[in-house]
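Participant: A structural model of the following input is requested.
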Amino acid sequence: MGLKTRVFVSDVDNLGDGRYCAGMGVEMIGFPIEEDHPRFVSAEKFKEISSWLAGIKFAGEIYSHSNVDLSTYDAIESVLTDNPALVKDLTGHGKTLIYKIKVDSFDAIEQQMAMLEADVDTFILEFDNDLSAEDLNKIKTLTEEYKIIVSGGFDEDSINNVLDNATPEGIALKGGSEVSIGVNTFDGLVEVLEAIETDEWN
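Facilitator: Coordinates of the predicted model:
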């Protein structure tokens, strides 16, 4: 079994999420690695979690400041941020940069993407409302110039329509919270992943 598209799961802070994602064929999981983040994952905890996972890539999530010692997170390949002030500082560590933009206006995000494209490998476009046919067309146009991952704006019933009509590089989902050891609340993640399962590995 595999997934119909590339999937990035952010806000992972426990082994249960990580093992589930790896088993489902998720390509990359992100860990919050700033100490002031409510779901902060220390370098020690990251090593403990990542040592149990195979066949999956890791990203570090940095939103407020660039003084995180990335050398202590040696298995991390990419860095995710939504802060334009950090872009230049985060590009000097040999990690690919993923930049998240909350979409209010397509015109505004196109300007932002054009300014950042030299440093950014992939853009995550985050939506609050259900994606319309017009939204899907605009996303598809952007995919001709940029690597686009779509976050939000879909559920298990609409995700395949989004993939078929917007043709993004992939989708982004959020990890669940661990209510007790080994017991997770996945908050819709399971349903979406099951909706895009295929009989073949990508």
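Participant: In the chain, which strand is the longest?
Facilitator: Looking across the chain with DSSP state E, the single longest strand is strand 96-102.
Participant: centre of the chain versus that strand, how much separation?
Facilitator: Distance of strand 96-102 from its chain centroid, counting by C-alpha atoms, centre = their mean, to the nearest Å, is 9 Å.
Participant: quick one: buried residues of that strand?
Facilitator: T96, L97, I98, Y99, K100, I101 (16 or more other C-beta atoms under 10 Å). Where C-beta positions appear, they are placed from N, C-alpha and C, glycine not excepted.
Participant: in its sheet, what does that strand sit against?
Facilitator: If you go by DSSP bridges, strand 96-102 pairs up with strand 78-81 (parallel), strand 122-126 (parallel).
Participant: Quick check, pLDDT for the nearest residue to G55 once chain neighbours are set aside.
Facilitator: Using C-beta to C-beta, 6 or more residues apart in numbering and skipping the chain neighbours, the partner closest in space to G55 is A22 (6.3 Å). A22 carries a pLDDT value of 93.
Participant: was I right about A22 contacting S50?
Facilitator: No - look at A22 against S50 with C-beta atoms under 8 Å: they stay out of range, at 10.2 Å.
Participant: now the helices: where do they sit in this structure?
Facilitator: Using DSSP state H, the helices found in the chain span residues 15-24, 43-50, 87-90, 106-116, 133-142, 159-166, 189-195.
Participant: isn't L189 right up against L173?
Facilitator: Yes - with contact defined as C-beta under 8 Å, L189 and L173 form a contacting pair (4.9 Å).
Participant: list the residues that contact both of the two?
Facilitator: Contact criterion C-beta atoms under 8 Å, 6 or more residues apart in numbering; residues shared by L189 and L173: V9.
Participant: can you count the residues close to E35?
Facilitator: 11 (other C-beta atoms under 10 Å).
Participant: I misspoke; the intended subject was E110.
Facilitator: Residues contacting E110 under the criterion other C-beta under 10 Å number 15.
Participant: same check, this time on G175
Facilitator: 27.
Participant: doesn't V9 make contact with it?
Facilitator: Yes - counting by C-beta under 8 Å, V9 is a contact partner of G175 at 5.4 Å.
Participant: Between the two, which contacts overlap?
Facilitator: Common neighbours of G175 and V9 (criterion: C-beta under 8 Å, 6+ apart): D17, C21, I29, L189.
Participant: Farthest-apart pair in those residues, please.
Facilitator: Longest distance between any two of these is 11.1 Å, between I29 and L189; criterion C-beta to C-beta.
Participant: Show me whatever sits in contact with both of these two.
Facilitator: Here I29 and L189 share the contacting residues V9, G175, scored by C-beta under 8 Å, 6+ apart.
Participant: Which pLDDT does the model give the nearest residue to K45 once chain neighbours are set aside?
Facilitator: Nearest non-adjacent residue to K45, counting by C-beta to C-beta, 6+ apart: D13, 7.9 Å away. Per-residue pLDDT puts D13 at 92.
Participant: Nice, that's everything, thank you.
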